[in-house]
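Q: Pasting the sequence and the predicted model now:
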Amino acid sequence: MMEEETLTNGTEPGIKPPARPNLLTILCILTFINGLLTFISGVVTSIFYDQIIATAPQIVKVFNSSGLNEMMQKFVDMLDEGGRMFFIVSSLLMIVSVAGAVMMWNLKKNGFHVYTIAQILLIIAPMYFFHLPGPSIFDIILSGTFIILYSTHLKLMT
């Protein structure tokens, strides 16, 4: 009597799933780390938003003598303009992005699409909330690099 193999990943019995390449593993781990830190930062900022805005003038005064006063004031004004909702939306989009990376970790092609859509929305969100004329070049380069590197593994994903 033959024993039945349990299907744990949707592959046929006796067929080994493809191994996750090292680069894909590294990309996913970096995405997990960034996602966790960004999520925590967004949640903490959302919770303490009113206190941050209230103490911002004192922080600007500290930088008054260092020549960073104008830059800090612009940052505080932008923070106030974007509001708490920016941090909530960014945190939620980061969860979606990490969910896509988890799917790619498990070699699921849909994860790439989920991740890519979340990254595009994360690039667009500051433009909407802060009324910026265009996206951050740094965000485009970083997200674009990760999307391109993730896309090189699509043929291994199901």
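A: Okay, I see it.

Q: Now the longest helix along the chain: buried residues?
A: The helix spanning the most residues in the chain, taking DSSP state H as the definition, is helix 69-105. By neighbour count on 16 or more other C-beta atoms under 10 Å, the buried set for helix 69-105 is 72-73, 76, 79, 82, 84, 86-87, 89-91, 93-94, 96-98, 100-105. The way it works is simple: take the backbone N, C-alpha and C, and place the C-beta from them, glycine included.

Q: How about stretch 133-144?
A: Under the neighbour-count criterion of 16+ other C-beta under 10 Å, stretch 133-144 has 135, 143 buried.

Q: again, but for stretch 150-158
A: Using 16+ other C-beta under 10 Å as the burial criterion, the residues of stretch 150-158 that qualify are 150, 153, 157.

Q: Spit out the contact partners of the first one.
A: With contacts defined as C-beta atoms under 8 Å, 6 or more residues apart in numbering, the neighbours of Y150 are 24, 27, 104, 112, 115-116.

Q: make it 7 Å
A: Y150 makes contact with 27, 104, 112, 115, according to C-beta atoms under 7 Å, 6 or more residues apart in numbering.

Q: And for the second one?
A: For H153, the contacting residues are 21, 24, taking C-beta under 7 Å, 6+ apart as the criterion.

Q: change it to 10 Å
A: H153 is in contact with 18, 20-21, 23-24, 27-28, 104, 107, 109, 112, counting by C-beta atoms under 10 Å, 6 or more residues apart in numbering.

Q: Which positions in the one helix or strand F129 maps to come out as buried?
A: With elements taken from DSSP states H and E, the one containing F129 is helix 109-130. Across helix 109-130, burial judged by 16+ other C-beta under 10 Å covers 111-112, 114-116, 118-119, 121-123, 125-126, 129.
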